[in-house]
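Engineer: would you be able to build a 3D model of this:
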Amino acid sequence: MTTEDKVFSGSIPEFYDTYLVPLIFEVYADDLAARVASAAPMAVLETAAGSGVVPRALINHLHPDARYVVTDLNQPMLDQAARRQPPDKRIEWRQADALDLPFGDSSFDAVICQFGAMFFPDRAKGYAEARRVLNDAGRYIFSVWDRIETNEFADVVTNAAATVFPHDPPRFLARTPHGYFDHGLIRADLTRAGFSDISILRQQETSRAPSARQVAVAYCQGTPLRNEIEARDRDALLRVTDIATDALEKHYGKGRIAAGICAHIVTAVK
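Structural biologist: Sure thing, here's the model as predicted:
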């Protein structure tokens, strides 16, 4: 992972929330919300919340007196999340680093993180922080993407971008979002953080979009792949988006399209 892999700024948060969230995140957010709500937690912490798809799915399942602290390292993403969420006294929005949480020991019944752990520069440290702020028997639930080949839209877009920059292909999607899927490595990192009760579930879903163009825009303009493209050629963003659109249409046709996505759901109990 590079420093630029963590930069979600400028127009990226809006494109991310508008195009990428419904494309790949909403279905897993609904699943995560159900898993969290099943334990009826009264204090929930979310790290790396992004543009807030999980809060939108989870808040209506929490007790009226519950406390839900939603954090992200990236303030523009957190601002986007807060704008989208109707006011609710149970939610506290707070910028925070998942590797250095500003909360006391044993403060939460559940800590959750949807597709954020891949961005942690020291995952074991991030997991240890989650364990520290959990109450006894509290649950840490997080998700990570499977390898890029099982996430078909992302794979097609990555390969399309490589045709524009064959000598220096942009590999953000393969390197970071889809670069942390090995169960042995995930378990080892959690074990180093102090967890021993660990379960990992591989979960396949279907990604759907109104058009190939929306998929291309989602990945090329709503993720740090955009930073990689513009670093190579500041004028190439629309060209790469066009080429990715053509590649997606070749694979899936025009009009509404669908493809497989796959993730791993991890639960670790303190």
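
Engineer: residue contacts, H183?
Structural biologist: Contact analysis of H183 by CB atoms under 8 Å, 6 or more residues apart in numbering lists I200, H264. For the C-beta atoms, the positions are set from N, CA and C on the backbone; glycine is no exception.

Engineer: and the one 3 residues further on, by the same measure?
Structural biologist: By CB under 8 Å, 6+ apart, the residues touching I186 are V144, Y180, I200, H264, V266.

Engineer: now those residues as CSV including secondary structure?
Structural biologist: Output for these, formatted as CSV (DSSP: H, G, I helix; E, B strand; the rest coil):
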residue, secondary structure
V144, strand
Y180, coil
I200, strand
H264, strand
V266, strand
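
Engineer: wait, a helix at L238?
Structural biologist: Yes - L238 sits within a helix when classified using three-state DSSP.

Engineer: any idea how far L20 is from it?
Structural biologist: According to CB to CB, to the nearest Å, L238 and L20 sit 18 Å apart.

Engineer: so which of those two has more stuff around it?
Structural biologist: Neighbours per residue (other CB atoms under 10 Å) separate L238 from L20, with L20 holding more: 23 against 12.

Engineer: can you tell me the SS state at the more buried one?
Structural biologist: L20 ends up helix, using three-state DSSP.

Engineer: and the pLDDT at it?
Structural biologist: pLDDT for L20: 91.

Engineer: low-scoring stretches of the chain, by residue?
Structural biologist: For the chain, residues meeting the criterion pLDDT under 70 lie at 1-12.

Engineer: what about the helices in it?
Structural biologist: 12-15, 26-37, 53-58, 75-84, 123-133, 152-164, 172-175, 183-192, 212-221, 225-232, 237-252 (DSSP state H).

Engineer: closest one to R139 among those?
Structural biologist: Judged by CB to CB, the one of the helices of the chain that comes nearest to R139 is helix 26-37, at 8.0 Å.

Engineer: now for that closest one, which elements pack on it?
Structural biologist: Where contact means 3 or more CB pairs under 8 Å, 6 or more residues apart in numbering; DSSP states H and E, helix 26-37 is packed against helix 53-58, strand 108-114, strand 134-145, strand 197-209, strand 257-269.

Engineer: distance to P76 for the contacts of I186 - can I get that in a markdown table?
Structural biologist: Shown next, in a markdown table, are those (distance: CB to CB, whole Å):
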| residue | distance to P76 |
| --- | --- |
| V144 | 23 |
| Y180 | 24 |
| I200 | 31 |
| H264 | 27 |
| V266 | 27 |
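
Engineer: may I see those residues organised as TSV, with distance to G222 and neighbour count added?
Structural biologist: What follows is the contacts of I186, written out as TSV (distance: CB to CB, whole Å; neighbours: other CB atoms under 10 Å):
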residue	distance to G222	neighbour count
V144	19	23
Y180	20	21
I200	28	16
H264	22	18
V266	25	22
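
Engineer: identify, from those residues, the entry nearest to E129.
Structural biologist: Closest to E129, out of all of the contacts of I186 and judged by CB to CB, is V266, at 15.5 Å.

Engineer: follow-up on the earlier one: from the contacts of I186, which two are the most distant?
Structural biologist: Applying CB to CB across those, the maximum distance is between Y180 and I200, 12.0 Å.
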